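# Task: produce atomic coordinates for the following.
(chains A and B)
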Amino acid sequence: MILKIEEQGPVVLIEVKEERLDAHNSGELKTQMLNLFEEGKNNLIVNLHDVRFVDSSGLGALVSGFKNASARNGNLKLCGLQPQVKSMFELTRLHRVFEIFPETDEALASF
Amino acid sequence: MNEKIEVDIKVPNQTRYLGLIGKIGEDIAHTLKKYQGDREELAYHLNLVLTEAMANAICHANEGDPQKEVHISICILDRTLNIKVYDQGQGFDVNALPTPNFKSPEEHGRGIYIIRALMDRVTYQKHSHGHVLEMEKNLS
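The predicted model follows:
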């Protein structure tokens, strides 16, 4: 899985550079986020701009990241959701759980 | 003449094939002759239910065993779409699965919920070498 990880002050920005986030690759995203938490980096933004398709495993990895960040007094926010991906968050009502922003800048400014 | 499409695929029990099967679902949605609804939405939904059902078969029913295989059968006859995903596992009670907890979300437990939300009929039954998850949708 291709992830671009970049520190922006107190926040770590993770760009998922994959077309699909599914049961084949979501475990890697989860592991990368756990590595960041272990380094004490608890404020994350996941940019899903390139992701055209997400399944329940992909959503599960993001929920895992969100819960881990919250448990460490941090936060995990999302940005760049394509319409079909956004509809998945609505179907599973996860749009009420995550803070979702159109662009990275807006997500960064919210921290 | 009624439009009839039948696709039968067998792949190794590995998640690397999820994208391939999902793509076939999308291509079917784009190819249907008479479908009047939103094709892009149908394509995404077929990709999704195939991915969810296959991932369920690979990771849970077949317990990630790379020696096993998953058999997928997609049939469209007139206005009915039928998908069967055969596994080689011990099975589970599809009706006993709880609805996801929306207030306190968990990492797992959304796959069958998503399939049920997008398809009109869902059953999971025993067959000769394992179980089959059958999903049907009326196409308008």
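# And the helices in chain A, which stretches?
Using DSSP state H, the helices found in chain A span residues A:26-38, A:56-71, A:83-91, A:104-109.
# count of residues packed around A:Leu13?
The burial count assigned to A:Leu13 is 17, neighbours taken as other C-beta atoms under 10 Å in any protein chain shown. Any C-beta I mention is one placed from the backbone N, CA and C, and that applies to glycine too.
# That one contacts A:Leu3, doesn't it?
No: contact criterion C-beta atoms under 8 Å: A:Leu13 and A:Leu3 do not qualify, at 10.4 Å.
# Next, the distance between the ends of stretch B:114-131.
20 Å (C-alpha to C-alpha, to the nearest Å).
# for stretch B:123-137, same thing?
Length of stretch B:123-137, first residue to last, C-alpha to C-alpha: 12 Å.
# and if you look at stretch B:57-74?
With C-alpha to C-alpha applied, stretch B:57-74 spans 16 Å between its terminal residues.
# Can that stretch be said to contact chain A?
Yes: Stretch B:57-74 is in contact with chain A by C-beta under 8 Å from any C-beta of the partner chain, via B:Ile58, B:Cys59.
# What lies in contact with that stretch?
Residues outside stretch B:57-74 that contact it (C-beta atoms under 8 Å, 6 or more residues apart in numbering or on different chains): A:23, B:5-15, B:17-18, B:21, B:24-25, B:28, B:50, B:53-54, B:81-92, B:130-131, B:133.
# chain center to that stretch, what's the gap?
Distance, stretch centre to chain centre, for stretch B:57-74: 12 Å (C-alpha atoms, centre = their mean, to the nearest Å).
# so the residue lying closest to B:Val11 once chain neighbours are set aside, which of the three states?
Spatially, and ignoring its direct neighbours in sequence, B:Val11 is nearest to B:Tyr17 (4.1 Å; C-beta to C-beta, 6 or more residues apart in numbering or on different chains). The three-state assignment at B:Tyr17 reads helix, by DSSP: H, G, I helix; E, B strand; the rest coil.
# on that earlier part again, I'd like the helices of chain A written out as CSV, with distance to B:Leu77 added.
Compiled in CSV, these are given as follows (distance: least, C-beta to C-beta, whole Å):
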stretch, distance to B:Leu77
helix A:26-38, 34
helix A:56-71, 29
helix A:83-91, 27
helix A:104-109, 47
